[in-house]
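**Student:** I'd like to go over a predicted model; first the sequence, then the structure.
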Amino acid sequence: MAENLNKESFLSKVFDYENNKDWKYQGDLPAVVDFWAPWCGPCKMVGPIIEELSEEYKGKVNFYKVNTDEEQELGAAFGIRSVPSLLFIPKEGQPKMAVGALPKKAMKEAIEKELLVEAA
């Protein structure tokens, strides 16, 4: 299951942007963060895909969800202008953002290419 994050949990599990200017990922596994909103139609299509992928990559990739309506500061910190936006975070190196509802195949390709993780 993807874990819903608020600002406090985001700062401890993903990136403490209040104390670090440069990107420093806090997690021990690569991650995907789904920035979404309850009113967003495409987000409703992406949600179940995120849940399926969280099972397929269990123990290899952490999946997080951020409700941009509730966590506006997080959305602003990452320049989220449209939802869904997906942040792919490798263990090392810079994260990559993908905007829009990606089909499952494209998400898997991004996970394998950007996070260097293969499905079980």
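**Tutor:** It's in.

**Student:** look up how far G75 lies from the residue most central in space within the chain.
**Tutor:** When Cα atoms, centre = their mean is applied to the chain, the residue found nearest the centroid is V33 (0.9 Å). From V33 over to G75 the distance is 11 Å, taken as Cβ to Cβ, to the nearest Å. For glycine as for every other residue, the C-beta is placed from the backbone atoms N, C-alpha and C.

**Student:** any shared contact partners between those two?
**Tutor:** V66 (Cβ atoms under 8 Å, 6 or more residues apart in numbering).

**Student:** list the contacts for the closest residue to L116 other than its chain neighbours?
**Tutor:** In space, and not counting its chain neighbours, L116 is closest to P90: 6.6 Å by Cβ to Cβ, 6 or more residues apart in numbering. Shown in contact with P90 (Cβ under 8 Å, 6+ apart): Y25, P30, E114, L115, L116.

**Student:** any quick PyMOL command for the buried ones out of those?
**Tutor:** Per 16 or more other Cβ atoms under 10 Å, the buried members of the contacts of P90 correspond to this PyMOL selection:
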select buried, resi 25+30+114+115
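
**Student:** figure out the helix or strand that F35 lives in.
**Tutor:** strand 31-36 (DSSP states H and E).

**Student:** show me what that strand is packed up against.
**Tutor:** Contact analysis of strand 31-36 by 3 or more Cβ pairs under 8 Å, 6 or more residues apart in numbering; DSSP states H and E lists helix 41-56, strand 62-67, strand 85-89 as its packing neighbours.

**Student:** nearest to G79, out of these?
**Tutor:** Of all the helices and strands packed on strand 31-36, strand 85-89 sits nearest to G79, with 9.0 Å by Cβ to Cβ.

**Student:** C-alpha coordinates for that closest one, PDB please?
**Tutor:** Only the C-alpha atoms of strand 85-89 are listed here, as PDB (Å, rounded to 0.1, in the frame of the first residue of the first chain):
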ATOM      1  CA  SER A  85       2.700  14.700 -10.800                       C
ATOM      2  CA  LEU A  86       5.000  11.800 -10.000                       C
ATOM      3  CA  LEU A  87       8.400  12.200  -8.400                       C
ATOM      4  CA  PHE A  88      10.800   9.300  -9.100                       C
ATOM      5  CA  ILE A  89      13.500   9.300  -6.400                       C
END
